[in-house]
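> Test case, fold it:
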Amino acid sequence: MNLDTVHLQIPEQEYEADIAIMSDEFADIISQLTIFGDELHIKCGETIDLVAKGDMGQMTASIKQEDIIEYGIEEDVNINITVALRFIHNMCGFSKIADIAYLHCSNETPIKLHYSLDDEDSVNSKNYVRFFVAPKIMD
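Now for the predicted structure:
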């Protein structure tokens, strides 16, 4: 049997915003947002806002300062991206494997959700589970 396959690689990159948040709190917020819509709008600037809207209404969740462990964003950058909420919700199903979820995002690039399994940050961990979700493209 001959199988033609292509191995996809995701290149390492620097993100404009890096967020470390308690994984159980992040999973709770995402779970509540799924009630309101299919798209998640992530807005990062002075604050971090997650917005879902749909037929049932709209919900905006501003992530509380006490839930954020680390937050870094490049100067004069505002992140405004939209992703499919169901993919983020599925990724949050892994929130029990690590206390901290590392969310990395930039405008017009896939976001990365990283769970470290060895109590290191997302840069230094050798054992991890990470997911990538491409943003929705608006016409």
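> All the strands of the protein, residue numbers only.
17-22, 39-44, 48-54, 57-62, 68-73, 79-84, 100-105, 111-116, 128-133 (DSSP state E).
> In terms of secondary structure, what does the fifth one contact?
Meaning strand 68-73. strand 17-22 (3 or more Cβ pairs under 8 Å, 6 or more residues apart in numbering; DSSP states H and E). No exception for glycine: its C-beta is placed from N, CA and C like everyone else's.
> picking up where we left off before, wait, which of the strands of the chain is closest to N90?
strand 128-133 (8.4 Å; Cβ to Cβ).
> contacts for the closest one?
10, 83-84, 87-88, 91, 94, 97-98, 110-118, 122 (Cβ atoms under 8 Å, 6 or more residues apart in numbering).
> on that earlier part again, can you list the strands of the chain in TSV and add mean pLDDT and mean neighbour count?
What follows is the strands of the chain, written out as TSV (pLDDT from 0 to 100; neighbours: other Cβ atoms under 10 Å):
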stretch	mean pLDDT	mean neighbour count
strand 17-22	94	21
strand 39-44	94	20
strand 48-54	91	19
strand 57-62	91	13
strand 68-73	92	14
strand 79-84	94	17
strand 100-105	94	23
strand 111-116	94	22
strand 128-133	92	16
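> what about these, which gets the closest to D4?
strand 128-133 (23.7 Å).
> Dig out what the residue nearest to P135 when sequence neighbours are not counted forms beta bridges with.
Among residues not flanking P135 along the chain, I81 sits closest, at 4.4 Å (Cβ to Cβ, 6 or more residues apart in numbering). With DSSP bridges applied, I81 shows beta-bridge pairing to I42.
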